[in-house]
Structures are given as C-alpha cells and as structure tokens.
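Engineer: Have a look; sequence and predicted model below, questions after that.
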Amino acid sequence: MGKSYFCGERVRLRAMEPEDLEVMYAMENDPQSWEVSNFTVPYSKFVLKQYIEHSECDMFADRQLRMMVVRLEDDVVVGTIDMIDFVPMHGRGEVGIAVRKEYQGNGYAKEALNLLCDYAFGFLYLKQLIAHVTVDNEASIRLFESCGFVRCGLLREWWRVEGCYKDVVLLQCLREAR
C-alpha cells in the first residue's frame, strides 16, 4: 500500500464530519481567532452545518480544503488545518492552522502542517505554499519556519486587529526546498 499523506505518528488529518459541528462552532466563534481571519462576526450553527454538508472536500472543486486534525490516541479533534486560495494554474495555495487552546504546545500543529505539506507537494504537486502571520505571533512564525517556510516579505499594516493595524510576515515554502 502507498504512503498515507494523512496519518502521522500522533495525529491524522481527515475530512469534516457532521459531528465536528460543535468543535468548529467553538473554534470559529472565538474572537481571538478572528484576528487571523477575514471574519468579524460569529458563525451560526446553521451556516457551519451547511458548510460541512456542501464541502466536496475536493481542492479542485472548492478551491480550498479544510481538514480536521485528530489526535490518534483518543480520536479527539485538536484543531483544523486549511488550504485556501488554491490556484491550480500556478500550483499554489495558502495554509492556515488553528489548534484548540487546551492542545497547544504539544507538537500537533507541526505534525499536521508537515502532513499537509507532504500532501500538497507529493500528491497535488503544488509548486508552493504561503502563510500570512502577524509579526507578534512568534510561535506561529517558528512553527512555519520549522516546517520549511521562509520569510519572503513584510506586509506593513496589513491586518486590523482591535482597532490597530499589524504588520504581517509573508512566509513561503517551495516544493524543492522540502
């Protein structure tokens, strides 16, 4: 049997399921996560339920992919990982990852990000992945850099957070660099 792009030593990535509604509802409606997204209002359970139901989990159809990060030892969802702004013609996408507060600092994000990169480069044959991270989010910058992403730009006053504009580091990972 071939390589599994979705299973590591401690976590696996899987498609969204209807039973993920409560976890997604809690994560998406945490105002602290809004600073790294383009959303400024809470999601209803109805909207999230429709999102889960209508997602084809097909990068080429949806132009994005959300996967649940699941701890192997007990099947608990510890977070989500996304590839958005997928552009097949240019072989690129943007990566975002969120780990629930109670599971942060355990290496789950790094393993999930490495799995997603392996899938993007090894199966989808993408040329590059990018990430946007605020300059003060040192933990996230370290995470991406530990997985082969390099700083390639600074977007000045790119995101407005709590009434202030923050600079954002643009990180990029090229397939050949991994």
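Structural biologist: Right, received. Where do you want to start?
Engineer: Every contact and neighbour count from this point should use C-alpha atoms.
Structural biologist: Will do.
Engineer: can you list contacts of stretch 91-104?
Structural biologist: With contacts defined as C-alpha atoms under 8 Å, 6 or more residues apart in numbering, stretch 91-104 is touched by 27, 78-87, 108-109, 113, 125-131.
Engineer: Could you identify the helix or strand that succeeds the helix or strand of the chain with the lowest mean pLDDT?
Structural biologist: None of the helices or strands of the chain scores lower by mean pLDDT, DSSP states H and E than helix 31-34, at a mean of 67. As assigned by DSSP states H and E, the chain's next helix or strand after helix 31-34 is helix 45-54.
Engineer: Buried subset of the contacts of stretch 91-104 as a ChimeraX selection?
Structural biologist: Selecting the buried subset of the contacts of stretch 91-104 in ChimeraX, with 16 or more other C-alpha atoms under 10 Å as the burial test, is done by:
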select :27,78,79,80,81,82,83,84,85,86,108,109,113,126,127,128,129,130,131
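Engineer: Narrow the contacts of stretch 91-104 to those in strands?
Structural biologist: Residues of those located in strands (DSSP state E): 78-87, 128-131.
Engineer: Between which two of the residues you listed is the distance greatest?
Structural biologist: Farthest-apart pair in these is Val78 and Val87; separation 27.8 Å (C-alpha to C-alpha).
Engineer: what residues are up against Arg175?
Structural biologist: Phe121, Leu126, Lys127, Gln128.
Engineer: The top helix by length along the chain - contacts with which helices or strands?
Structural biologist: Assignment by DSSP state H gives helix 108-122 as the longest helix of the chain. With contacts taken as 3 or more C-alpha pairs under 8 Å, 6 or more residues apart in numbering; DSSP states H and E, helix 108-122 sits against strand 11-14, strand 65-71, strand 77-87, strand 92-99, helix 138-146.
Engineer: out of these, which comes closest to Glu22?
Structural biologist: Nearest of the helices and strands packed on helix 108-122 (C-alpha to C-alpha): strand 77-87, 10.7 Å.
Engineer: rewinding a little: the longest helix of the chain vs strand 65-71, what angle?
Structural biologist: 140 degrees (axes from the mean of the first three to the mean of the last three C-alpha atoms, to 10 degrees).
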